[in-house]
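Participant: just a sequence and a predicted model for now, questions to come.
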Number of protein chains: 2
Amino acid sequence: MCKIALAQINPHVGALQENIEKMVEFAQRAKVQGADLVLFPELSLSGYPPEDLLLRPGFLSQLEAGLDTLALAVEDIVLVVGHPARGQGGLLYNAASVIREGRVIQRYYKQELPNYGVFDEKRYFTPGRSAALFELGGEQLALTICEDLWHPSVVQQAVDAGATMVLNLNASPYHAGKRGERETMIRQHAVKQGVPILYVNQVGGQDELIFDGGSFVMGADGTQQLCGDHFEEGLYLYDTEQTAACFPVEQDESAEVYQALVLATRDYVNKNGFPGVILGLSGGIDSALTLAVAVDALGADRVEGVSMPSSYTAEMSVEDARAEADRLGVLFRVIPIKASFDAFLETLADEFEGTEVDASEENIQARCRGVILMAIANKKNRMLLTTGNKSEMSVGYATLYGDMAGGFAPLKDLSKLLVYRLSRWRNEQAKAQGEEVVIPQRVLERSPSAELAPDQKDSDSLPPYEILDPILERYIEQEQCAEEIVAAGFDATVVARVIRLVDGNEYKRRQAPPGVRITTRAFGRDRRYPITSGFRSR
Amino acid sequence: MCKIALAQINPHVGALQENIEKMVEFAQRAKVQGADLVLFPELSLSGYPPEDLLLRPGFLSQLEAGLDTLALAVEDIVLVVGHPARGQGGLLYNAASVIREGRVIQRYYKQELPNYGVFDEKRYFTPGRSAALFELGGEQLALTICEDLWHPSVVQQAVDAGATMVLNLNASPYHAGKRGERETMIRQHAVKQGVPILYVNQVGGQDELIFDGGSFVMGADGTQQLCGDHFEEGLYLYDTEQTAACFPVEQDESAEVYQALVLATRDYVNKNGFPGVILGLSGGIDSALTLAVAVDALGADRVEGVSMPSSYTAEMSVEDARAEADRLGVLFRVIPIKASFDAFLETLADEFEGTEVDASEENIQARCRGVILMAIANKKNRMLLTTGNKSEMSVGYATLYGDMAGGFAPLKDLSKLLVYRLSRWRNEQAKAQGEEVVIPQRVLERSPSAELAPDQKDSDSLPPYEILDPILERYIEQEQCAEEIVAAGFDATVVARVIRLVDGNEYKRRQAPPGVRITTRAFGRDRRYPITSGFRSR
């Protein structure tokens, strides 16, 4: 019999002192609750993923000193902590150490190193080969780390070595729907091997990644016996003598994704030390939702909105922008771009003489807005939030250094249709609490427009989002080729055009700010395409 | 006895039809020269690196069809070609196939997959396990691919299997000094195992990477018996009956790096289908060298220069910019930023009221230039070249969406001191040919300045480059910690400040355009740092 605390913490990559202080605090709370052991997530000492910091010998030395500091700072409770560890011959491992009374009594090296999607673990780590067990309260506890548990052989190996319980340290990045995948997988192993599995996951945002927590204990009978919170830190006590089934609360995708965006935005802004953010409010749906996310992440007093109308901007756009800011209580002002836009046209008059008006002039407007927003951001030390969505990023319907400017793009991995769904969901939440909706109904109903030319609509340049978004999902997330997408019922000409746009705009995406990954194929580290490419899908 | 042609080609990633046509042409030329076999580089069918195109089943199917097309298009000569290949269970291999009379008669799978630096091969490929030999003219030829030859065991395995000659297909990215490393390594193997090694490398630019060619044959006695050109395509015939020592021409680093920049810039512009480029000419050394590279890469008629003075711009800056353009014969004009800069200040007057003038105003100027250059680039379908160097990129001494705007940055991986060395070298080349220098002497002698504030000099904000550049090299390329750099004789306060700047500007670098990698640690795929990081080197 033993009591094990699952410490679902939000580490800060590279900030060892901060992470150690947090771990000491969680260990003390666990002790107060009567725990014999406190279990921290994968690489929790360094934060995950530390990326190429792992190539710095100085960082590895700091980690070794940090582990010593942590070991000496905690007494009367066993610690299990994840950290990078140098082994023989200078090889680096993704390790988990068991620390009792200041001494490492057992160490495990992760065996299955993910090197796909957002993962680069084979770039850094050598895989371990053997199980590592230790005794606690009569139980034989086996250590495993994240990906290990997706391979039945590792659990089998632990049980063969005598494990009566399996600890699993995770830094498992979120994507919509992943929660269910994890539970199903872990349940299979627990039932098949007849051992409970204690799954602890980190929580928090790290650049493009968001970790959703949701730590749990899966009993040997396949029932969940502990259900941690999602998207927040928590300390959860598992008592082997007093188990009871618990049932994870089902959440719809909108709620889940919205929480992911809020936490990712909060962590990116705070961990990078920005007092607040600024964003342009166009009167469109993307900036309206980004504003809501920012306010929910940071509070209204840390957010500012700016409307920057041109002569192509409808009056209702400025009205709606003002309404959004007012409803959420954020600082708002209107700064027209006419003077700067006219100045550029005048400056470029000779250069542009005899040419047709085209996207160049539209881009100048978007870039005037980028300059204004960045100027305020620079002057006030605020981060500029970028409001673009995945549909736009996919087809390049955005202006480099214009609306693409900014430090973080909360909606970067959301299709336009998902932006609508989340906006409606956020409004419903407000209504459910008896509050006014945060996104004006008109914003939800108007046809999307960049308002860079007279009477412009997105549908002038792009297929309707009801057509575009499913094509994009098939081409980007499902890796389908043109023929397959057409076979699914889409028009061949439209499909060919969309694919050409996706392929031809990699150069823009490469210069885009990071944003929250919520799908299985986000732009960024997750999708590594050549800019220079002659490939044409057929 | 046999005659083998080394086909040092410049493939186009993803452009299978184009690559096949090139290979057929080289095979025919080899046949005319009497070759029995023509040897192409690693993954030459797809181009290297194809990155996540390899995750598309449609791309792999096209490759399989492409290999068939190639096999049927060539007769009366044996082909050895590198290509991705799906094996049993859908596993993907980095393969080399031997094709005789339309049929694949042997296939080899690369055994050593690099997954460090710029390489991600374990993301895609499964390693092979065994040697693959075939007979030609009484010789037993073994296939090996690139990284394989850096591991003695693979050469040993081939010889144990009976190889009398080793073919090595490469896509080996250039960095300054790599040429010597390769020859030394291959010589060791050839002599130790007593077999000649035929090393064929691809040539050309692919996004951040430049491949330098330099194919060669290393005799079993350690003498080079064939020396291919660098930075250009070539077809080289090796006759086992008529070997003679050849001695590679020594080149100084400046010549080598300059050639790398020229080819990388040419390939990026051409393979991405741009008719020409435009760049801002500040009168400083970076834009002067970038202009020379662009003209050498593309010809004067495909290059345009723009001077965009402000009230802080010295008259001699505009004069020198004009002189640079005139000497190289490129279109040049002067477009002042006063009107647009003033318009922004006026527009932002309320917002900025009561604040001190700071870097925000400097950034607005840089961004006015970015808007003007991008407007012309958009209107004329020219690519904007970015002129920044590695020293600036390291410490963030550049404006996002301002001077950082552009599609390609030829000097991105060059320290400021190397920019000076290359500029002097390029001038000497001109003098040696009896021509006028291309970079005015005054540009080489003036103190570097961003000219964004009155009498501004780089040295107001940064240590002198003679101090800064060696600190950066130690911190970035050698991964030294602060203590080590200080121990090497640098001032502790300066070192701490430089490191803080490097660490704090990852967010800017993430939005920078690609540029040519010429060191062992370039910003981009080669150096994957978290933006959000609490790490502080000590």
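Facilitator: Right, received. Where do you want to start?
Participant: what's whatever helix or strand A:Ser153 lives in in contact with?
Facilitator: For A:Ser153, the host element (DSSP states H and E) is helix A:152-160. The contact list for helix A:152-160, computed with C-beta atoms under 8 Å, 6 or more residues apart in numbering or on different chains, reads A:111-112, A:130-131, A:133, A:142, A:144, A:148-149, A:166, A:189, A:192-195, A:197. C-beta here means a position set from N, CA and C on the backbone, and glycine is covered the same way.
Participant: which residues are in contact with A:Gly276?
Facilitator: So A:Gly276 contacts A:269, A:298, A:301-304, A:380, A:382-383 (C-beta under 8 Å, 6+ apart).
Participant: isn't there a strand covering A:Gln429?
Facilitator: No: assigned with DSSP: H, G, I helix; E, B strand; the rest coil, A:Gln429 falls outside any strand and is helix.
Participant: in the worst-scoring helix or strand of chain A on mean pLDDT, which residues are buried?
Facilitator: Every helix and strand in chain A was compared by mean pLDDT, DSSP states H and E; the lowest is helix A:458-461, with a mean of 89. Residues A:Asp458 are the ones in helix A:458-461 that count as buried (16 or more other C-beta atoms under 10 Å in any protein chain shown).
Participant: which residues touch the closest residue to chain B within the stretch 351-500 of chain A?
Facilitator: In the stretch 351-500 of chain A, the residue that lies nearest chain B is A:Cys481 (3.1 Å; C-beta to the nearest C-beta). Contact analysis of A:Cys481 by C-beta under 8 Å, 6+ apart lists A:537-538, B:56-58, B:61.
Participant: that one and B:Pro57, how far apart?
Facilitator: As for A:Cys481, its distance to B:Pro57 is 7 Å (criterion: C-beta to C-beta, to the nearest Å).
Participant: do A:Phe125 as well
Facilitator: Distance of A:Phe125 to B:Pro57, computed by C-beta to C-beta: 29 Å.
Participant: between those two, who's got more neighbours?
Facilitator: A:Phe125 (20 against 13; other C-beta atoms under 10 Å in any protein chain shown).
Participant: which residue sits closest to that one, ignoring its sequence neighbours?
Facilitator: A:Asn94 (4.8 Å; C-beta to C-beta, 6 or more residues apart in numbering or on different chains).
Participant: in this structure the one you found contacts A:Gln111, no?
Facilitator: No: using C-beta atoms under 8 Å, A:Asn94 makes no contact with A:Gln111, being 9.4 Å away.
Participant: can stretch A:62-71 be found next to chain B?
Facilitator: Yes: shown here: stretch A:62-71 in contact with chain B (C-beta under 8 Å from any C-beta of the partner chain) through A:Gln62.
Participant: quick check: buried residues in that stretch?
Facilitator: So, applying 16+ other C-beta under 10 Å, buried residues of stretch A:62-71: A:62-63, A:66-67, A:69-71.
Participant: same thing with stretch A:518-530?
Facilitator: Under 16+ other C-beta under 10 Å, the buried positions of stretch A:518-530 are A:518-519, A:521-530.
Participant: what lies in contact with stretch A:322-329?
Facilitator: Residues contacting stretch A:322-329 (C-beta under 8 Å, 6+ apart): A:281, A:287-288, A:291-292, A:295, A:300, A:303, A:305, A:307, A:331-332, A:334, A:436-440, A:443.
Participant: flag the shaky bits of the stretch 351-500 of chain A, pLDDT-wise.
Facilitator: By pLDDT under 70, the stretch 351-500 of chain A has no low-scoring segment.
Participant: near chain B, which residues of it?
Facilitator: Near chain B, when you scan the stretch 351-500 of chain A using C-beta under 8 Å from any C-beta, you find A:351-352, A:355, A:358-360, A:363-364, A:367-368, A:370-372, A:374-376, A:378-379, A:400-401, A:405, A:407, A:479-484.
Participant: return a selection command, for use in ChimeraX, containing the buried ones of the residues you listed.
Facilitator: Remark: buried members of these, expressed as a ChimeraX selection using 16+ other C-beta under 10 Å:
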select /A:352,360,363,364,367,368,370,371,372,374,375,376,378,379,400,401,405,407,479,480,481,482,484
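Participant: circling back to that earlier point, looking at the contacts of stretch A:322-329, which are in strands?
Facilitator: Here DSSP state E is the test, and those give A:303, A:305, A:307, A:331-332, A:334 as lying in strands.
Participant: ok, and the most crowded of those?
Facilitator: Busiest of those [other C-beta under 10 Å] is A:Val303, holding 28 neighbours.
Participant: wait, what's in contact with it?
Facilitator: A:276-279, A:291, A:294-295, A:328, A:330-331.
Participant: could you dump those into a markdown table with pLDDT added?
Facilitator: As requested, the contacts of A:Val303 are exported to a markdown table (pLDDT from 0 to 100):
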| residue | pLDDT |
| --- | --- |
| A:Gly276 | 98 |
| A:Val277 | 98 |
| A:Ile278 | 98 |
| A:Leu279 | 98 |
| A:Leu291 | 98 |
| A:Ala294 | 98 |
| A:Val295 | 98 |
| A:Leu328 | 97 |
| A:Val330 | 98 |
| A:Leu331 | 98 |
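Participant: with distance to A:Ala7 added, can I get these in JSON lines?
Facilitator: Below are the contacts of A:Val303 laid out as JSON lines (distance: C-beta to C-beta, whole Å):
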{"residue": "A:Gly276", "distance to A:Ala7": "30"}
{"residue": "A:Val277", "distance to A:Ala7": "30"}
{"residue": "A:Ile278", "distance to A:Ala7": "36"}
{"residue": "A:Leu279", "distance to A:Ala7": "35"}
{"residue": "A:Leu291", "distance to A:Ala7": "34"}
{"residue": "A:Ala294", "distance to A:Ala7": "29"}
{"residue": "A:Val295", "distance to A:Ala7": "30"}
{"residue": "A:Leu328", "distance to A:Ala7": "34"}
{"residue": "A:Val330", "distance to A:Ala7": "35"}
{"residue": "A:Leu331", "distance to A:Ala7": "38"}
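Participant: want to throw the buried residues of stretch A:62-71 into JSON lines with secondary structure and pLDDT?
Facilitator: Formatted as JSON lines, those follow (DSSP: H, G, I helix; E, B strand; the rest coil; pLDDT from 0 to 100):
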{"residue": "A:Gln62", "secondary structure": "helix", "pLDDT": "98"}
{"residue": "A:Leu63", "secondary structure": "helix", "pLDDT": "98"}
{"residue": "A:Gly66", "secondary structure": "helix", "pLDDT": "98"}
{"residue": "A:Leu67", "secondary structure": "helix", "pLDDT": "98"}
{"residue": "A:Thr69", "secondary structure": "helix", "pLDDT": "98"}
{"residue": "A:Leu70", "secondary structure": "helix", "pLDDT": "98"}
{"residue": "A:Ala71", "secondary structure": "helix", "pLDDT": "98"}
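Participant: closest one of the residues you listed to B:Ala161?
Facilitator: B:Ala161 has its nearest neighbour among the buried residues of stretch A:62-71 in A:Leu63, at 44.1 Å by C-beta to C-beta.
Participant: how far away is the closest one from B:Val502?
Facilitator: Distance from A:Leu63 to B:Val502, by C-beta to C-beta: 20 Å.
Participant: one more: A:Asp252?
Facilitator: Distance from A:Asp252 to B:Val502, counting by C-beta to C-beta: 44 Å.
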